[in-house]
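have a look at this fold, sequence not included:
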């Protein structure tokens, strides 16, 4: 188990993850006490599910052979993540009409995608 802290706008997310374990799991607690979780639904990591302070998300690879993901909730797609060759991950709205999601939801979901779809564990991740 590894722990990291993301600090944004005078708030912190304490993140615990188990990269390298048989099943991917990610958990975070905000400085306000909100709970965030993410994990894989099956043997592969093609589909992940997340719960961000009681809001459910699905993070699905758009193609089993690519690491690009479409993140959606019950109202439809909200974000798209695309790993780049330089080790960064680009996060954009899923479409021009995509619903906005809470800021810390986007931070947590993006961080999970960096961990699972990025080039490997990095010492310094910029979001």
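Cool, got the structure. Computed from a predicted structure; not experimentally measured. Numbering: from 1, shown residues only.

so how far is residue 70 from the residue nearest the centre of the chain?
Closest to where the C-alpha atoms of the chain average out (Cα atoms, centre = their mean) is residue 109, at 2.4 Å. According to Cβ to Cβ, to the nearest Å, residue 109 stands 11 Å off from residue 70. The way it works is simple: take the backbone N, C-alpha and C, and place the C-beta from them, glycine included.

again with residue 18
Counting by Cβ to Cβ, the gap from residue 18 to residue 70 is 24 Å.

for these two, indicate the residue with more neighbours.
Comparing residue 18 with residue 70 by other Cβ atoms under 10 Å, the one with more neighbours is residue 70, at 17 against 14.

doesn't residue 77 make contact with that one?
Yes - counting by Cβ atoms under 8 Å, residue 77 is a contact partner of residue 70 at 5.3 Å.

anything in contact with each of those two?
Common neighbours of residue 70 and residue 77 (criterion: Cβ atoms under 8 Å, 6 or more residues apart in numbering): residue 94.

one step back: would you agree the residue nearest to the centre of the chain is in contact with residue 52?
Yes - counting by Cβ under 8 Å, residue 109 touches residue 52, with 7.1 Å between them.

circling back to that earlier point, overlap in contacts of residue 109 and residue 70?
Common contacts of residue 109 and residue 70 (Cβ under 8 Å, 6+ apart): 59, 79.

so what's the residue count around residue 47?
Residue 47 has 13 neighbouring residues, counting by other Cβ under 10 Å.

over to residue 82?
By the measure other Cβ under 10 Å, the count of residues near residue 82 is 16.

dihedrals phi and psi, it?
When read as degrees, to the nearest 10, the backbone of residue 82 gives phi -140, psi 110.

do residue 59 as well
Torsion angles, degrees, to the nearest 10, at residue 59: phi -120, psi 100.

what's the nearest residue to it if we skip its chain neighbours?
Nearest residue to residue 59 in three dimensions, chain neighbours excluded: residue 48, at 4.1 Å (Cβ to Cβ, 6 or more residues apart in numbering).
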